[in-house]
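> need a structure here:
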Amino acid sequence: MSRKCQLTGKKANNAYAVSHSHRRTKKLQQVNLQWKRVWWPEGNRWVKLRLSTKAIKTLQKKGLQAMAASAGINLNQF
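Just a heads-up that it's a prediction; the model follows:
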């Protein structure tokens, strides 16, 4: 499984690590992913997803069904 948020699609970002002498080396900024069990009221069960912390905050505001519909995800597969 790739390191990608299942609801928002967030993934790693390419960047530079800049030293004090301004020497640049490539680095990878990984997304902060967490395994999260979320209650899905419409399906009346728990769903285990790999989410970014930003997605967890948005999930509390919008709800699981709305976010899954906007991402085009079928929650019955999880």
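
> Low-confidence bits of the protein, can you list those?
Across the chain, the ranges flagged by pLDDT under 70 are 1.

> Could you report the separation of W35 from N14?
Using CB to CB, to the nearest Å, W35 is found at 25 Å from N14. Any C-beta I mention is one placed from the backbone N, CA and C, and that applies to glycine too.

> Pull out the buried positions in the helix ranked longest in the chain.
Longest helix of the chain, by residue count under DSSP state H: helix 53-62. Buried residues in helix 53-62, counted by 16 or more other CB atoms under 10 Å: A55, I56, T58, L59.

> Looking at these, which two lie furthest apart in space?
I56 and T58 (7.4 Å; CB to CB).

> Now do the SS call for Y16.
Secondary structure for Y16, judged by DSSP: H, G, I helix; E, B strand; the rest coil, is strand.

> right, and it touches R24 too?
Yes - taking CB atoms under 8 Å as the definition, Y16 is a contact partner of R24 at 4.3 Å.

> which stretch of helix or strand covers the most far-flung residue of the chain relative to its centre?
Relative to the centre of the chain, and counting by CA atoms, centre = their mean, the farthest-placed residue is S21 at 34.7 Å. S21 belongs to no helix or strand when assigned by DSSP states H and E.
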